[in-house]
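Peer 1: Below is the sequence, then the predicted model.
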Amino acid sequence: MEYVYWGYALVLFVFIITFICFFISGKFRERIEPKREKCPPHILQVIDEELAKLQLLEASSSEFSVTRNYLDWLTALPWGEYRFPCVEFHSYCYC
C-alpha cells in the first residue's frame, strides 16, 4: 500500500517540476516578445533552442540553472535599442 503513496508522490513531484519549467519558459517568452522585431534572427534561434532545452531539463540540475541564467541575460539585453551617452568633451591640459 505504501508503494502506491510513493507513486502518487512521484507523479506529483514530476508534475510540479514540469509546471515550474513551463512557468519559467513562459516568463522568458513574455520578456522577449516586445523585442522580437528588433532582435537579430540568429539570437532568436538561440533563445528558442535554449527554451526548448530548458523544458527538457530537470529543475534541480546544474545545467538548468546555467540555461536559466543564460536566458535571463539574453532576454534582459536591450536588443535594437541604441543609446549614445551625452558626453561633453573638454580640453584638458596636463602640464
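Peer 2: Perfect, thanks for sending it. Residues are numbered from 1 along each chain as shown.

Peer 1: Would you map the helices across the protein?
Peer 2: With DSSP state H as the criterion, the chain has helices at 2-32, 41-56, 62-76.

Peer 1: Which of these comes out lowest on mean pLDDT?
Peer 2: Among those, helix 2-32 has the lowest mean pLDDT, at a mean of 70.

Peer 1: Provide a list of residues in contact with residue 79.
Peer 2: 35, 38, 39, 40, 43 (CB atoms under 8 Å, 6 or more residues apart in numbering). Using the backbone N, CA and C atoms, a C-beta is placed for each residue, glycine as well.

Peer 1: From what I see, the second one and residue 77 are in contact.
Peer 2: No - counting by CB atoms under 8 Å, residue 38 sits too far from residue 77 to count as a contact (10.7 Å).

Peer 1: In terms of neighbours, single out the busier of those two.
Peer 2: A direct count of neighbours by other CB atoms under 10 Å for residue 38 and residue 77 places residue 77 higher, at 13 against 10.

Peer 1: Which pLDDT does the model give that one?
Peer 2: 86.

Peer 1: Against residue 29, how distant is it?
Peer 2: In this view, residue 77 and residue 29 are 16 Å apart by CB to CB, to the nearest Å.

Peer 1: cool, residue 72 as well?
Peer 2: 13 Å.

Peer 1: With residue 47 instead?
Peer 2: Distance from residue 47 to residue 29, by CB to CB: 9 Å.

Peer 1: Comparing these two, which shows the higher neighbour count?
Peer 2: Higher neighbour count among residue 47 and residue 29: residue 47, with 20 against 15, using other CB under 10 Å.
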